[in-house]
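**Q** structure for the following, please:
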Amino acid sequence: MTNNKNWQKISAQIEQVTHQAFSIRSTQAVSGGCINAAYSIQSDNKSYFVKLNQLQLLPMFEAEFLGLKELAQTKTIKVPEPIVYGVTDSHAFIVLEKLSLVSETNKAQQIMGQQLAQLHKIKQAFFGWSMDNTIGSTRQMNNASNDWPSFWAKNRLGFQLSLAANNGYDEKLIQSGYNLAESLTDFFTAYSPQPSLLHGDLWSGNVATTDQGEAVIYDPACYYGDRETDIAMTELFGSFNASFYAAYNEVYPLHVDYSLRRPLYNLYHILNHLNLFGESYLYQAQNMIDSLLSEIS
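**A** Got it, this is the predicted structure:
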């Protein structure tokens, strides 16, 4: 919750970037997230979606703002328009377009599959991104690299394993995880991924359908990497429906060995959940590491 003075500062920054008067008439808390406080703010004829967090987390909102901008510029798949980010006396904030969302349909999932495939065709010369961002509330390292296995070993698995070690998890997890990270080239003997623009945190909680029937993705953790990582995450916490995968593969078919790398990519998110939410994810993380190591032994 924030006070009227803070809302006035947010309103003033909206006016500054939109060049339109905006006087907040009402604020309403919105549920659904576990990281930020979220609100719908309303004037007489306009509304926005606002996320708030601690002042020191402004870089998280800056990265989200820039990620949404980069996704929007591709004109491939809809994202909420980012309006402004900044600080008040007590909070960091980001203001986004407020979308009217409805229940998803098979048609919307099909559209999402087609449009995500087009997004993944957007390339750059190296893996990584222009800045670090966050995955959940964890820092996500995006140091540039020309070598994908090295990028994944250092910036994804290695970083999460270092956090797990600092959090006191047992040596078996850490050592076996580093053994896996040192052997990643074995998963790429017949496959050379290109640096595709990724959403980066593509699970069912970050996708929706507008009341106009448009597929929309939000809360990105953007970088350029193997497109299989986005697809793998769609299967981690309950798969998207069959029409999504069929439509994606029609536009941009996945490599025949994708299923071998899927647990490698999803291990990153399970390790992140271990570091964020505790040891209930420890068994799953260790089991995934052991299974992956058995593939290359």
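
**Q** does Y248 sit in a helix or strand, and which one?
**A** Using DSSP states H and E, Y248 sits within helix 242-251.

**Q** oh sorry, the question was meant for H273
**A** helix 258-277.

**Q** need the helices for the protein, in chain order.
**A** 4-18, 58-73, 106-120, 148-151, 159-166, 171-181, 228-234, 242-251, 258-277, 282-296 (DSSP state H).

**Q** burial measure for the nearest residue to N6 once chain neighbours are set aside, as a count.
**A** Of all residues not flanking N6 in the chain, T88 sits nearest, at 3.9 Å (CB to CB, 6 or more residues apart in numbering). C-beta here means a position set from N, CA and C on the backbone, and glycine is covered the same way. Around T88 there are 19 other residues, counting by other CB atoms under 10 Å.

**Q** helices or strands up against the helix holding Y248?
**A** On a contact count with 3 or more CB pairs under 8 Å, 6 or more residues apart in numbering; DSSP states H and E, helix 242-251 meets helix 106-120, helix 228-234.

**Q** show me what contacts the residue lying closest to G113 once chain neighbours are set aside?
**A** If the residues on either side of it in the chain are set aside, G113 comes closest to A247, at 3.2 Å by CB to CB, 6+ apart. Residues counted as contacts of A247 (CB atoms under 8 Å, 6 or more residues apart in numbering) are Q109, Q110, I111, M112, G113, Q114, A117.

**Q** the last one: neighbouring residues, count only.
**A** In other words, A117. 22.

**Q** what sits against it?
**A** A247, Y248, N249, E250, V251, Y252.

**Q** distance of the residue nearest to the second one when sequence neighbours are not counted from S239?
**A** Excluding its sequence neighbours, the residue lying closest to Y248 (CB to CB, 6+ apart) is G113, at 3.9 Å. Relative to S239, G113 is positioned 12 Å away (criterion: CB to CB, to the nearest Å).

**Q** which residues do the two both contact?
**A** Common contact partners of G113 and S239 (CB under 8 Å, 6+ apart): Y245.

**Q** now K46. Nearest residue, chain neighbours left out?
**A** F22 (6.2 Å).

**Q** that neighbour: neighbour count?
**A** The burial count for F22: 23, using other CB under 10 Å.

**Q** centre of the chain to the helix or strand of the chain with the lowest mean pLDDT, how far?
**A** Of all helical and strand segments in the chain, the minimum by mean pLDDT, DSSP states H and E falls on strand 101-102, at a mean of 88. The chain centroid and the centroid of strand 101-102 are separated by 20 Å under CA atoms, centre = their mean, to the nearest Å.

**Q** alright, that wraps it up for me.
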